[in-house]
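Q: Sequence first, predicted coordinates after that:
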Amino acid sequence: MTAALSELQRQMATALRHPGSLGKHAEWSQFAEEHVSGNQRLSPAEQLEIYREQFWLRHTGSLVEDFPGLGGILGQADWEKLAEQYLREVPPDSYTLRDLGSHLPELIERASWLPHQALCLDMARLELAYIEVFDARDTPPLAPERLASIPEESFGGARLVIAPSVRLLQLRYPVADLRRKLRADSDPAVAIPDESPLQLVVYRRELGLWDMPVGVVAFAFLSGLAAGKPLGAAAEIAANTPEAESELAQQIGAWLGEWTTKGLVCDVLVD
Amino acid sequence: MKPDLGVGVGLRVPHYAAILRERPSVDFFEVISENFMVDGGKPLYHLDRVLEHYPVVQHGVSLGIAGPDEPDRAYLTRLKELTKRTKTPWVSDHFCWSGAGGAHLHDLLPIPYTPEAVRRTVERARMIQDFLELPFALENTSSYLTYRSSTLSEWEFISEIAERADIGLLFDVNNVYVSAYNHGFDAETFIRSVPHSRIWQIHLAGHTNLGKYIIDTHRGSVIDAVLELYRQTIVLTGGVSTLIEWDDEIPELSVLLAEAERARRVRDEALALREGRALPPAVTSVPAPVAASDAAVWRQGGPRESAAGEAIR
């Protein structure tokens, strides 16, 4: 009998994720007739439909809230189409709606019908980064003296620990600025920007969310550190051209100072 | 019986600033556990500030205890971690299921009231209470459908589980009213029939009556008819921690606190009646239904604190 209960629940979960009205669908109407009682005011399919409708309202509403920039690019009709495709193909799998959009960039990569697909992908990745950074683990910022106290001979082998509330994004479009415009401007006709590749650091500072564009060399260096490489190895990866090597040599002290002040670096490990 | 914390309100994001600034007189706050099962940032910062001044009880919405899949150990582990932070006197969730086959529907889906579902829920409730090392309670839900396979009434179902699993009841009086309306049973019979000593906490909330059915939107004031059922409940249980939930069209904090005071007056009257003192007559007016277009998505716990509300600098 437990198998029967489980099977009923599996079928019902499938019914509730059906994108159209259950009353207009013969198979689900039949399912409702078999399992749901109904009453004098509502048929079995109408009772089941209350839950189905709520599933879609709740989840599309949550996506709209979490991805306002994406919605601003697409407009209502395409955004609803994307949200429906997402919820059909990628059922919510987390106990929290906070994670609902975590696979949205992957779907956008496949959704070739989307207008401004590459721009949408960048925006989804940015908005997902904001979600992740918002409630990432707290870490006290590294005291600048700790960085200054690393012995010179140990510097190359030292590892800087990048805070869990930092995300590094390589983007094709200036989506952070676009998102700010979309949110600030009640006029829906905000211009779609031209392609303009950039590297963006999304981070949290004193509980607020920040983003900061950085140059190619700084981004490569920071990415190396975030991957757990020692300072020397991260610098080697970043200094892959003579120009980059020169920039790195001139800027590395300033970068490390700025990143430490802004809380991007939370610890230093010296062997 | 568990400690009577008095009359509290649900902790909701729009009220954080006013609560931390004004520190209003509130007996306790209830938090939606899942909103704080995160690693850091503003949600835990705000929770910690509230914990400095108020008792907090935890209430969950995602356990889905009666679903086809076993309870998620990772979820329970995180839940237990949070209980250590809040020092909640008990942990609660709902008599419901929430998903199947790895899909989470984020809803409180009704259970068929059958002996099989009783057995499954009892077994898991015991396990969860042992795992959390805290008293565990389940809440009766508002429901919008019933199953042909049910062989028990809802009150028989929840009573049997509570007794056999040795857990508490979070008794939602508004949910009794809503489900009684939706399914045509007698709310007073429900209230009389559950084990009163197992009622550790009570929920009160507003709802939205669409005529053909009522949705548990947690919107608006608690209607008089629900307060009357609450009065009857308190007469039977004695003093039980009582909480006002308001999750949609959330008003100013002062309005919510006035609602808590309204509940407190009813509670005081019911306790007086229980002690044999005279009472004023009950008021049981029922508001007219609203248009279906006024229906709202139900969302336990109101808006979660998220990046969506942040100004990015």
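A: Looks like it arrived, so ask away.
Q: tell me which residues in stretch A:128-139 are buried?
A: Buried positions in stretch A:128-139, judged by neighbour count with 16 or more other CB atoms under 10 Å in any protein chain shown: A:128, A:129, A:130, A:131, A:132, A:133, A:134, A:135, A:136, A:138, A:139. Heads up, the C-betas are built off the backbone N, CA and C, glycines and all.
Q: what's next to the helix or strand of chain A with the lowest mean pLDDT, contact-wise?
A: Ranked by mean pLDDT, DSSP states H and E, the weakest helix or strand in chain A is helix A:144-148, scoring a mean of 85. Residues external to helix A:144-148 that are found in contact with it (CB atoms under 8 Å, 6 or more residues apart in numbering or on different chains): A:160, A:256, A:257, A:260, A:261, A:265, A:268.
Q: again, only this time at 6 Å
A: Applying CB atoms under 6 Å, 6 or more residues apart in numbering or on different chains, the contact partners of helix A:144-148 are A:260, A:268.
Q: With stretch A:241-248 instead?
A: A:217, A:235, A:238, A:239.
Q: For those, which two are the farthest from each other?
A: A:217 and A:235 (9.7 Å; CB to CB).
Q: Run through the chain and note the low-pLDDT ranges.
A: Using chain A. Within chain A, the stretches with pLDDT under 70 are A:1-3, A:186-188.
Q: You answered for a different chain; I wanted chain B.
A: For chain B, the ranges with pLDDT under 70 are B:1, B:277-286, B:291-300.
Q: For it, which residues are neighbours of chain A?
A: B:34, B:38-43, B:45, B:62, B:68, B:75, B:97, B:100-106, B:116, B:144-148, B:212, B:297, B:307-308, B:310, B:312-313 (CB under 6 Å from any CB of the partner chain).
Q: Leaving out chain neighbours, which residue sits closest to the residue lying farthest from the centre of chain A?
A: Centroid-distance maximum for chain A: residue A:40 at 46.3 Å, with CA atoms, centre = their mean. The shortest distance from residue A:40 to any non-neighbouring residue, by CB to CB, 6 or more residues apart in numbering or on different chains, is to residue B:184 (8.0 Å).
Q: before we move on, the earlier item: just the ones of the buried residues of stretch A:128-139 in helices?
A: A:128, A:129, A:130, A:131, A:132, A:133, A:134 (DSSP state H).
Q: Surely the last one and residue B:307 touch.
A: So that's residue A:134. Yes: Residue A:134 is within contact range of residue B:307, at 3.9 Å (criterion: CB atoms under 6 Å).
Q: In the stretch 101-250 of chain B, what residue spans correspond to helices?
A: B:115-132, B:154-165, B:173-183, B:187-193, B:224-237 (DSSP state H, counting those that start in this stretch).
Q: most tightly surrounded among those?
A: Ranked by mean neighbour count, these are led by helix B:173-183 with a mean of 24 (mean count of other CB atoms under 10 Å in any protein chain shown).
Q: now residue B:208: how far from residue B:220?
A: 8 Å (CB to CB, to the nearest Å).
Q: And for residue B:169?
A: Residue B:169 is 25 Å from residue B:220, by CB to CB.
Q: can you give me the helices for the stretch 151-271 of chain A?
A: So, for the stretch 151-271 of chain A - with DSSP H, counting those that start in this stretch - the helices run A:175-184, A:216-226, A:231-238, A:242-261.
Q: Out of these, the one nearest residue B:9 is which?
A: helix A:175-184 (30.7 Å).
Q: ok, that closest one near chain B or not?
A: No: Helix A:175-184 is not in contact with chain B by CB under 6 Å from any CB; minimum separation 6.8 Å.
Q: tell me what that helix is packed against?
A: helix A:68-89, helix A:117-134 (3 or more CB pairs under 6 Å, 6 or more residues apart in numbering or on different chains; DSSP states H and E).
Q: Please identify the most buried of the ones you listed.
A: Counting by mean count of other CB under 10 Å, helix A:117-134 has the highest mean neighbour count of the helices and strands packed on helix A:175-184, with a mean of 23.
Q: What helices and strands are in contact with that helix?
A: By 3+ CB pairs under 6 Å, 6+ apart, helix A:117-134 packs against helix A:68-89, helix A:104-110, strand A:166-171, helix A:175-184, strand A:198-205.
Q: Nearest to residue A:230, out of those?
A: strand A:166-171 (18.0 Å).
Q: Could you list the paired strands of the closest one along with their orientation?
A: Strand A:166-171 has these partner strands in its sheet, going by DSSP bridges: strand A:198-205 (antiparallel).
Q: Burial check on residue A:19, number of neighbours?
A: Counted with other CB atoms under 10 Å in any protein chain shown, residues neighbouring residue A:19 total 11.
Q: so what's it closest to, chain neighbours aside?
A: Nearest to residue A:19 is residue A:84, by CB to CB, 6+ apart, at 5.5 Å.
Q: For residue B:232, see how far away that neighbour is.
A: 45 Å.
Q: and if you look at residue A:151?
A: On the measure of CB to CB, residue A:151 and residue B:232 end up 75 Å apart.
Q: Could you do residue A:5 as well?
A: Taking CB to CB, one finds residue A:5 at 33 Å from residue B:232.
Q: and the residue positioned nearest the centre of chain B, what does it touch?
A: Nearest to the mean C-alpha position of chain B, by CA atoms, centre = their mean, lies residue B:203 at 4.9 Å. Contact analysis of residue B:203 by CB under 6 Å, 6+ apart lists B:172, B:243, B:245.
Q: repeat that with 7 Å
A: By CB atoms under 7 Å, 6 or more residues apart in numbering or on different chains, the contact list for residue B:203 reads B:139, B:170, B:172, B:173, B:174, B:243, B:245.
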